[in-house]
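Colleague: Test case, fold it:
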Amino acid sequence: MFGDLNRASIISYSAAFVGLITLGSWISIPFFPIPLTLQTLFVLLAGTVMKRSALIPVTLYIILGMLGLPLFHNGLSGIGVLLGPTGGYLAGFVPAALITGFLYEKASKKLHAAGLVLSITVIFGCGIAWLCWSTGIGITAAVLIGLVPFLPGDILKVSAVYLIAERFS
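Modeller: The predicted structure is shown next:
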């Protein structure tokens, strides 16, 4: 283990991204019914930086939040957050980070952009599906509540991640 720079970078990046995702959960722009946070920006950025290893900090973030550390939006924690109406969005972070990471392992800028769009689509897909199931509302209502108000902000976040990642490539 001593002298393994790859392992050391994964550990340090993981710690940094757990912290950044947590910080992003505290930075919110009020929207109804779910506040717009910067969590997704840091989840996607983790994928661009750590590639497939981004699965580690994102999963760790969710596990630590489930165990009671106040990491979720406004210091919430516990399994109840994941079982609540916004839990699907949090669960969608895991495949989104993995998708972004896999596609950022390729050299194609088109695949990078597609990976970010696909990742945010997965987050919204998981979130809307869970919102429908956990609250009993229909798909149209879930899309109007859980997607439409957030599209402009998430388009900006995806664009920012793409620009930041290309700057560091």
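
Colleague: Tell me where this structure has strands.
Modeller: 28-29, 36-37 (DSSP state E).

Colleague: Pull the residues that contact the last one.
Modeller: Contacts of strand 36-37 with the rest of the structure, by CB atoms under 8 Å, 6 or more residues apart in numbering, involve G24, S25, W26, I27, S28, I29, P30, H73, P149, F150, G153, D154. Quick note: C-beta positions are derived from backbone N, CA and C, even for glycine.

Colleague: Hmm, S77 and the second one touching each other?
Modeller: Okay, so that is S25. No - in this structure S25 lies outside contact range of S77 using CB atoms under 8 Å: 10.6 Å.

Colleague: what is in contact with those two at once?
Modeller: Jointly contacting S25 and S77 under the rule CB under 8 Å, 6+ apart are L71.

Colleague: Give me the more crowded residue out of the two.
Modeller: S25 (23 against 15; other CB atoms under 10 Å).

Colleague: Rebuild the strands of the chain as JSON lines, extending it with mean pLDDT and mean neighbour count.
Modeller: Converted to JSON lines, these look like this (pLDDT from 0 to 100; neighbours: other CB atoms under 10 Å):
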{"stretch": "strand 28-29", "mean pLDDT": "78", "mean neighbour count": "12"}
{"stretch": "strand 36-37", "mean pLDDT": "81", "mean neighbour count": "21"}
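
Colleague: S119: which of those is closest?
Modeller: Smallest distance to S119 across the strands of the chain (CB to CB): 15.9 Å, for strand 36-37.

Colleague: Relative to that closest one, what are the paired strands and their orientations?
Modeller: Taking DSSP bridges as the criterion, strand 36-37 forms sheet pairs with strand 28-29 (antiparallel).

Colleague: ok, and what's touching the strand it pairs with?
Modeller: Against strand 28-29 from outside (CB under 8 Å, 6+ apart): P35, L36, T37, L38, H73, N74, G153.

Colleague: quick one: the closest residue to the fourth one other than its chain neighbours from G125, how far?
Modeller: Right, L38. The shortest distance from L38 to any non-neighbouring residue, by CB to CB, 6 or more residues apart in numbering, is to G24 (3.5 Å). Distance, G24 to G125, by CB to CB, to the nearest Å: 20 Å.

Colleague: Which one's more surrounded, those two?
Modeller: A side-by-side neighbour count of G24 and G125, using other CB under 10 Å, places G24 first with 20 against 17.

Colleague: And the more buried one, how far from P30?
Modeller: From G24 to P30 the distance is 15 Å (CB to CB).

Colleague: buried residues in stretch 139-158?
Modeller: Residues of stretch 139-158 classed as buried under the neighbour-count rule (16 or more other CB atoms under 10 Å) are A142, I145, G146, F150, G153, D154, K157, V158.
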